[in-house]
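> Next one to model:
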Amino acid sequence: MGVGTELLLGQIANTNAQYLSSALADIGVSVFWHSVVGDNLERMTSVIKQARDRNDVVIITGGLGPTPDDITREAVAAVVEAPLERDEHLADAIRDIFHRLHRAMPEANLKQADLPHGATPIEPEGTAPGFIIEADGKLLIALPGVPWEMKAMLGKTVIPLLSERAGGGALVSSEIYVVGLGESATHEKIADLVAAQTNPSIAFLAGRGQVRVRLTARASTREEAEALIAPVEADVRALLGDWAVPGAVDSLAEALGAILVERGETVAAAESLTGGLIAAELTRAEGASRFFAGSLVTYSTEAKHRVAGVARSLLEEPGPVSEDVARALAEGAARSFDADLGISATGVAGPAEQGGQPVGAIFVGACYRGKVEARRIRGYGDRSHTKAIAVTYAIDLGRRLLLHP
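Numbers count the residues shown, from 1 in each chain. Predicted coordinates for the structure are as follows:
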């Protein structure tokens, strides 16, 4: 359960919820509900009560700071009908943190050492302690909202506790990246497998021009769960063929990078439509410095000529948004950085058409060992989604060209 009006206003994303679900799945603990509530004592108390009534464990993140709107302690105390009491050990720990930082401690910070009677404290990573309290056989666990503090406390204290109480077990997921097929077409190809499966289950996550087929298995150990997934994953890949990205990867950039690192080769990009997003995606992959040479952001027509070396004749006809220019940009990227592979993207994100091309028109290019290819892709959605699709297809075209030069 996330606490904070800023979450409801959309001012920050509730990344804690995603992290918690993933960490709990690793120890076989199922997450059935996510809730977010603002900084209001009555509503917080109501939501915590509801969560407690329908779950064995409730994890609350946020609202443990020193300011008046940090009222998670008060809400939990109201739910378990216990008074708040100051934990002097925690108070000393908070004082020590400020002393080590050579900062004067506002007296308001000692509020963070107030816990419901009977609660077990979780030592702070920043200045906000967490706590665990059990009532009527249910666990209420309060953690800070600051992600790095929450993650540290979760790993050191909460996960070991819940793993022991759950008696072991694992919930393991594996994902297959699919590029070039929509969600419905992907499902159609593996529909019989989907209908027949219970453990592992098969689900689909679509977006950014790709589909992730997620296989999830529950077993006593991670190894047993992986053994359940393996034959089903093999069957799925056999049915999807080349549409599926080989290997266990977290992104297309990682898949491309793995091939390049194995060969001792590099990639460079020339970007118009994507404005540097291809470079950003490639550098998300671990070890990107081993395979990524650089990117030319050539957003204007003149920059395509002066920086990437695209011939003026191509920019005039067929125009900057075309297969010919996508090819020339890919060649320019490889040439500029002396890279083995060049990839590119040009297109129209909107709001108006450009050079006779409609909004959503995307052209991606790739150049490898003298072979140059380009594809036209149809983007959709808003500007950011159209750009994300272009990133996906540019990287995938480069990957496919490496595999089939």
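> So residue 235, which state does it fall into?
State at residue 235, reduced to three classes by DSSP: H, G, I helix; E, B strand; the rest coil: helix.
> Provide the count of other residues in contact range of the nearest residue to residue 350 once chain neighbours are set aside.
Once its chain neighbours are removed from consideration, residue 350 has its nearest residue in residue 359; the separation is 4.1 Å (CB to CB, 6 or more residues apart in numbering). Any C-beta I mention is one placed from the backbone N, CA and C, and that applies to glycine too. Other residues near residue 359 number 16, with proximity taken as other CB atoms under 10 Å.
> cool, and residue 377?
21.
> for residue 392, same thing?
Applying other CB under 10 Å, we find 25 other residues in the vicinity of residue 392.
> so it touches residue 210, yeah?
Yes: here residue 392 lies in contact with residue 210, judged by CB atoms under 8 Å, at a distance of 5.3 Å.
> which residues are common contacts for those two?
Shared contacts of residue 392 and residue 210, defined by CB atoms under 8 Å, 6 or more residues apart in numbering, comprise 179, 252.
> Can you list the residue ranges for strands in the stretch 151-300 of the chain?
For the stretch 151-300 of the chain, the strands identified by DSSP state E, counting those that start in this stretch occupy 170-179, 201-207, 210-219, 267-271, 292-297, in order along the chain.
> TSV for these, including mean neighbour count?
Rendered in TSV, the data for the strands of the stretch 151-300 of the chain read as follows (neighbours: other CB atoms under 10 Å):
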stretch	mean neighbour count
strand 170-179	20
strand 201-207	15
strand 210-219	21
strand 267-271	31
strand 292-297	21
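> Distance to residue 281 and mean pLDDT for those - can I get that in CSV?
Listed next are these as CSV, based on distance: least, CB to CB, whole Å; pLDDT from 0 to 100:
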stretch, distance to residue 281, mean pLDDT
strand 170-179, 13, 88
strand 201-207, 14, 89
strand 210-219, 12, 90
strand 267-271, 9, 98
strand 292-297, 10, 98
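> For residue 12, which of those is the nearest?
Proximity of these to residue 12 was assessed by CB to CB; the nearest stretch is strand 201-207, lying at 21.1 Å.
> What is the closest one packed up against?
Here strand 201-207 touches helix 183-196, strand 210-219, going by 3 or more CB pairs under 8 Å, 6 or more residues apart in numbering; DSSP states H and E.
> Have a look at this structure and report its longest helix.
The single longest helix within the chain, with elements called by DSSP state H, is helix 383-403.
> Give me the mean pLDDT for it.
Within the predicted structure, the mean pLDDT of helix 383-403 is 96.
> Which elements pack onto it?
For helix 383-403, the packing partners by 3+ CB pairs under 8 Å, 6+ apart come out as strand 170-179, helix 252-263, helix 277-282, strand 341-347, strand 361-368, strand 371-378.
> returning to that earlier point: can you add distance to residue 382 and give the helices and strands packed on strand 201-207 back as a markdown table?
Supplementary listing: the helices and strands packed on strand 201-207 in a markdown table, determined by distance: least, CB to CB, whole Å:
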| stretch | distance to residue 382 |
| --- | --- |
| helix 183-196 | 19 |
| strand 210-219 | 17 |
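> could I get the strands of the stretch 151-300 of the chain as JSON lines with distance to residue 310?
Conversion of the strands of the stretch 151-300 of the chain to JSON lines gives the following (distance: least, CB to CB, whole Å):
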{"stretch": "strand 170-179", "distance to residue 310": "26"}
{"stretch": "strand 201-207", "distance to residue 310": "31"}
{"stretch": "strand 210-219", "distance to residue 310": "28"}
{"stretch": "strand 267-271", "distance to residue 310": "9"}
{"stretch": "strand 292-297", "distance to residue 310": "10"}
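> which residue sits closest to residue 31, ignoring its sequence neighbours?
Closest residue to residue 31 in three dimensions, ignoring its sequence neighbours and counting by CB to CB, 6+ apart: residue 21, at 4.8 Å.
> Going by neighbour count, list what's buried in the host helix or strand of residue 333.
Assigned by DSSP states H and E, residue 333 falls within helix 323-337. Under the neighbour-count criterion of 16 or more other CB atoms under 10 Å, helix 323-337 has 323-334, 336-337 buried.
> now do stretch 243-261
For stretch 243-261, the neighbour count (16+ other CB under 10 Å) marks 243-245, 249, 251-260 as buried.
> who touches that stretch?
Counting contacts by CB under 8 Å, 6+ apart, the residues outside stretch 243-261 that touch it are 174, 176-181, 186, 189, 210, 213, 236-237, 266-267, 281-282, 284-288, 290-292, 340-341, 392, 395-396, 398-399, 402-403.
> Out of those, which end up buried?
Among the contacts of stretch 243-261, the ones that count as buried by 16+ other CB under 10 Å are 174, 176-181, 186, 189, 210, 213, 236-237, 266-267, 281-282, 285, 288, 291-292, 340-341, 392, 395-396, 398-399, 402.
> Redo the helices and strands packed on helix 383-403 as a markdown table? Include distance to residue 30.
Conversion of the helices and strands packed on helix 383-403 to a markdown table gives the following (distance: least, CB to CB, whole Å):
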| stretch | distance to residue 30 |
| --- | --- |
| strand 170-179 | 7 |
| helix 252-263 | 28 |
| helix 277-282 | 32 |
| strand 341-347 | 41 |
| strand 361-368 | 40 |
| strand 371-378 | 38 |
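> Look at the residue of the chain most remote from its centre and give its secondary structure.
Among the C-alpha atoms of the chain, the one most distant from their mean position (CA atoms, centre = their mean) is that of residue 313, at 41.9 Å. Under the three-state scheme (three-state DSSP), residue 313 adopts helix.
> In contact with it: list those residues for me.
Applying CB under 8 Å, 6+ apart, no residues qualify as near residue 313.
> any idea how far it is from residue 67?
From residue 313 over to residue 67 the distance is 64 Å, taken as CB to CB, to the nearest Å.
> Surely residue 146 touches residue 126?
Yes: using CB under 8 Å, residue 146 is in contact with residue 126, at 6.1 Å.
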